[in-house]
Every structure is written in C-alpha cells, then in structure tokens.
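Asks: Attaching a predicted model along with its sequence, questions to come.
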Amino acid sequence: MTPAAPRASAIRIASSDPHEAELVRSLLEDEFANVGVTLTDDGVIPAGDEALIFGVLILVYRHLAAAEQAYIGLLRGAGVGGKSMHRSVVLCSREEVADAYVLCRRGLFDDYVVFWPAGSDIKRLQMAVYGAMKQLSAVDSGPAERPTGCGSGATVDHGDSGTRPGVLIVDDDAAHRRLTSRMLASAGFELHCAANGDEALGLLTTLQPSLMLLDLAMPGMGGLDLMRRLRDSPRTAAMPVIIMTGNAATEIVRTSLDLGAVDFLVKPFDRTTLLAKLHRALGSEKPAEQS
C-alpha cells in the first residue's frame, strides 16, 4: 500500500538539464501533486518559490559540485533566509556517494539519492520525498517549532526561551549561518544569529546566550575586535566563545586563546564535531536531542 503524503507540500526540481528534470518529474508525478521544474541555465536557483519556503527541493545535477554551487547560491540569495523550512534532496552518481554523504552530514543537503546510472533505486527517490514531507509536516504541526535558518540577519528562535541553552551565531556569510543553525535546529538550543560584530553587540543588550559561535573574518568589526569588547564588559566577560575559522594559523589561534576563546572549529565542519565542542564548552548545560 502506498502511504499517504503528510501534506500537499510543493515539490520543486532544480536542474540545468531539461531532459533530466522531466525524467525526474515523470517519476514523481504518479505519487505526488504540485511537482514543478526550475531550469538553471546560469547555475542560479531563484529564491521566493513556494517549495523553497515550505516544500521539497530536488537538485538534479550530474555532478555534485554543480548542485552545491547552485544551492549555496540560493541560500545566499534574498528571500530565503530564516523563513525557509524546505528540505533538500540531492541526486548523485554511484561514484559520488561518499561526497554526497559528507555534504549531507555537514548539513548542506538533507538527503541524497543515488540516481545515476539510470535504473538505480528509483523507489528510493520517492521515499526520500515522503521522508522530507513527513519532516516538514512535523515542523508545521509542532507548537514550539519555529524557523531557525538565521539566513539573513538576526533571526531568533524564541522557542522555550530561558529554559534551553542559547547559542549566538555570528558570521557575515548568510549561507554559513543557515548551515550552522540547521545543524543545531533539533539539538535543543535556542538559536540567535548576527551578521556582524555590531549586530551581535546590539543583540547582547537584551540577550544573554550561553555561548557564542564566532567567525573571525568579517567586514567592519572582526571577530577578534568583538572578543575584546566582550571581555571588557562584566556582562559578557565569562561567556564561552568558540571560534569558527578557515584559517588555523598559529598566531590566530594564540591571539584568540589570549582573548578567552575556549575552542576552535575549522571550516568546513560537520554536525558531530560542532555538537561535541558545544557540549564540552557548556558542560552541564548539555541539552537533550530532539527528534
């Protein structure tokens, strides 16, 4: 018996190849309604589509690098940001399964399906869409669940404010803010985001997060300057700070430690590493995982 779809979520197929896109649509239309196609000749997926706000996005690109480029471009585009509750499924070849696994583990995509060569597990694609719809349905019906994408500025999940450890993510890269917040979305944290040091200081006038995840390389007030400001204020002097950086040079590490950083995350990092470092920094404040 075919299970019923949890809700009539929009399904959007993004691809640079019209023939591949139509093939995928034909495989899904017997099972699902509201299946659309967006062709991306310029490698850019336009924001604002219903499926990108609350739906399932299927990336149909022969090479994972092309799918990654198109999706990151979407995440950085205006109109997605913290409002987006979509789920992403990337198709891949057998040769790129290991790479697809890594990208999903890091939180870029929600799921992957081996699709090439043609005739690989087609039913797996349909089940991946059903699974994504169930996740969306659970988010839609949960009274305490709010979008936590933090994709464009200081989107805040007020959730159970005051009962869960708060994490402030400070990063000028909207795509990386969103990826980091997605890694933490079901881990029991109250999430807050800032796009730069000045915005973070503004939030800290009313918020008291348990920990800050801080990017070093930001325009304007950089991460090291923000740390100096934090240490100069009695209100934030004791807040643990974990540095996120793509530059693990010895001098950077030493300066950050001198300013009170408790740990480092070298980009790109995965969810397991992120949670382990947060739990270690928070000690007894470790939250329970949420399904």
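Replies: Ah, there it is.

Asks: how close does residue 172 get to residue 111?
Replies: 29 Å (Cβ to Cβ, to the nearest Å). Placement of C-beta: from N, CA and C, glycine included.

Asks: Residue 214 too?
Replies: Look at residue 214 and residue 111: by Cβ to Cβ, they are 30 Å apart.

Asks: Between those two, tell me which one has more neighbours.
Replies: Using other Cβ atoms under 10 Å as the criterion, residue 214 and residue 111 rank with residue 214 on top: 27 against 20.

Asks: Going by neighbour count, which residues in whichever strand or helix holds the more buried one are buried?
Replies: If you go by DSSP states H and E, residue 214 is part of strand 211-215. Of all the residues in strand 211-215, those buried under the rule 16 or more other Cβ atoms under 10 Å are 211-215.

Asks: which residues are in contact with it?
Replies: Identification of contacts with strand 211-215 by Cβ atoms under 8 Å, 6 or more residues apart in numbering yields 165-173, 176, 180, 200, 223, 226-227, 230, 239-245, 261, 265, 278, 281-282.

Asks: Is it possible to mark the buried ones in the residues you listed?
Replies: When those are checked for burial by 16+ other Cβ under 10 Å, the buried set is 165-173, 176, 180, 200, 223, 226-227, 230, 239-245, 261, 265, 278, 281-282.

Asks: Next step: these restricted to strands.
Replies: 166-170, 241-245, 265 (DSSP state E).

Asks: now for those residues, which pair is the farthest apart?
Replies: The most widely separated members of those are 166 and 245, with 22.0 Å between them, by Cβ to Cβ.

Asks: give me the element residue 75 is part of.
Replies: Assigned by DSSP H and E, residue 75 belongs to helix 64-76.

Asks: nope, residue 125 is what I meant
Replies: helix 122-141.

Asks: do residue 25 as well
Replies: Using DSSP H and E, residue 25 sits in helix 18-28.

Asks: what does the average pLDDT come to for that helix?
Replies: For helix 18-28, mean pLDDT is 93.

Asks: Just the CA trace of it, in PDB.
Replies: What follows is helix 18-28, C-alpha atoms only, in PDB (Å, rounded to 0.1, in the frame of the first residue of the first chain):
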ATOM      1  CA  PRO A  18      15.600  19.900 -19.100                       C
ATOM      2  CA  HIS A  19      15.600  16.200 -20.100                       C
ATOM      3  CA  GLU A  20      16.900  15.100 -16.700                       C
ATOM      4  CA  ALA A  21      14.400  17.300 -15.000                       C
ATOM      5  CA  GLU A  22      11.500  16.000 -17.000                       C
ATOM      6  CA  LEU A  23      12.600  12.400 -16.300                       C
ATOM      7  CA  VAL A  24      12.600  13.100 -12.500                       C
ATOM      8  CA  ARG A  25       9.200  14.800 -12.700                       C
ATOM      9  CA  SER A  26       7.700  11.900 -14.600                       C
ATOM     10  CA  LEU A  27       8.900   9.500 -11.800                       C
ATOM     11  CA  LEU A  28       7.300  11.700  -9.100                       C
END
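
Asks: what does that helix rub up against?
Replies: Helix 18-28 has contacts (Cβ under 8 Å, 6+ apart) with 11, 13-15, 35, 37, 39, 58, 60, 62, 91, 115, 122, 125-126, 129.

Asks: about what we covered before: what's the farthest-apart pair in the buried residues of strand 211-215?
Replies: The most widely separated members of the buried residues of strand 211-215 are 211 and 215, with 14.3 Å between them, by Cβ to Cβ.

Asks: What residues sit buried inside stretch 171-190?
Replies: In stretch 171-190, counting by 16+ other Cβ under 10 Å, buried: 171-185, 187-190.

Asks: now stretch 97-104
Replies: Across stretch 97-104, burial judged by 16+ other Cβ under 10 Å covers 99-100, 103-104.

Asks: That concludes my questions; thank you for your assistance.
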